[in-house]
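K.L.:
Could you work out the structure for the sequence below:
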Amino acid sequence: MSLGLFIEQIFNGLQLGMILFLMAVGVTLTFGVMNLINLAHGSMLMIGAFLIAFAASSVHSFGLAVLLAMVMVFVLSWVIEKVLVKHLYAKTHLDQVLASFGLSIVLNDGVIMIWGREPLYVNLPAWLEGPVQLTSTFSYPLYRLAITGVAIMGGLVLWFLLTKTRLGMQIRAGAEKREMIGALGVNINFLFTAVFAMSAILAALGGVMLGPMISVQSGMGDPLLILSLAVVVIGGIGSLKGALYAALLVGLVDTLGRMVWPTLLGPLVGNIVSNAAIYILMALVIAVRPSGLFGRQLQ
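P.N.:
Numbers count the residues shown, from 1 in each chain. Below is the predicted model:
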């Protein structure tokens, strides 16, 4: 294994980790604030990818296409919350799982009805193509670096919103004492809608960034949803810091493992171990710290 290939895989792992962070933040927000298990969260990533493909083919400007895609995701998520999701807050977690899983199926089939079964592809603008020479012997694709930069910027915007604004204060208070902030006159319905839309936009942002890298097709967000659930468990439910550290850890373990384990153990056993590595890590974390790395200790 060459040093250049190892460094490239580290960059790839960090990039995957940042996309998982955007997904996991939405999962941990909706559960921490709204006590909602949302298995349709991966479908929002898929919709973001489909919308960037549609917008890019319609306006022929990548920047404008991204803006249009995010606006459409915001509107769609707001409608979904008002029509369906708001009725799930008082339901049991089993009801939420069943309803959100059904919503995921509807969304996955909906994109097939609109765009068909054939995968879509998004062409990169010329200014994002090509490699960047990071050292005299190592170069890395510019767009992959841009993905990492956008994800970091999204995380910083979210941090500012949650820590420096009144809405963020209400969201953090809602995660702690939902009934109390309701008694203080905070509009809980608006707060929940805002949190749901925020989590959907973050997931869709991941889909928008992945659109030019992979084929855009129905169900593309489901595998990433599974990884993001593992991130939430490892990092600790309700912890944004835990989501960040766990997402980077999962991204590196998954990416490097797919290169290292088959080399050490052979293709058959190595592929099995690399596929199971994330869940082995999750089991070890739960065994040592059931609440996750940065979650609250269980009483």
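
K.L.:
A204 is in what secondary structure piece?
P.N.:
In this structure, A204 sits in helix 188-210 according to DSSP states H and E.

K.L.:
Distance from that helix to the middle of the chain?
P.N.:
Mean-position distance between helix 188-210 and its chain equals 10 Å (Cα atoms, centre = their mean, to the nearest Å).

K.L.:
buried set for that helix?
P.N.:
Neighbour-count burial for helix 188-210, counted by 16 or more other Cβ atoms under 10 Å, picks out 188, 191-210. C-beta coordinates here come from the backbone N, C-alpha and C atoms, glycine included.

K.L.:
mind listing the strands for the protein?
P.N.:
Listed in chain order, the strands found in the chain under DSSP state E are 131-133, 139-141.

K.L.:
would you turn the ones you listed into a markdown table with mean neighbour count and distance to I280?
P.N.:
Formatted as a markdown table, the strands of the chain follow (neighbours: other Cβ atoms under 10 Å; distance: least, Cβ to Cβ, whole Å):
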| stretch | mean neighbour count | distance to I280 |
| --- | --- | --- |
| strand 131-133 | 12 | 34 |
| strand 139-141 | 17 | 29 |
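
K.L.:
Would you mind saying which of those lies nearest A53?
P.N.:
A53 lies closest to strand 139-141 among the strands of the chain, at 19.5 Å (Cβ to Cβ).

K.L.:
Are there helices or strands packed against that closest one, and which ones?
P.N.:
strand 131-133 (3 or more Cβ pairs under 8 Å, 6 or more residues apart in numbering; DSSP states H and E).

K.L.:
at 10 Å what do you get?
P.N.:
With contacts defined as 3 or more Cβ pairs under 10 Å, 6 or more residues apart in numbering; DSSP states H and E, strand 139-141 has these neighbours: helix 3-34, strand 131-133.

K.L.:
mind checking which of those is nearest F294?
P.N.:
Set against F294 and scored by Cβ to Cβ, these come closest in helix 3-34, at 10.5 Å.
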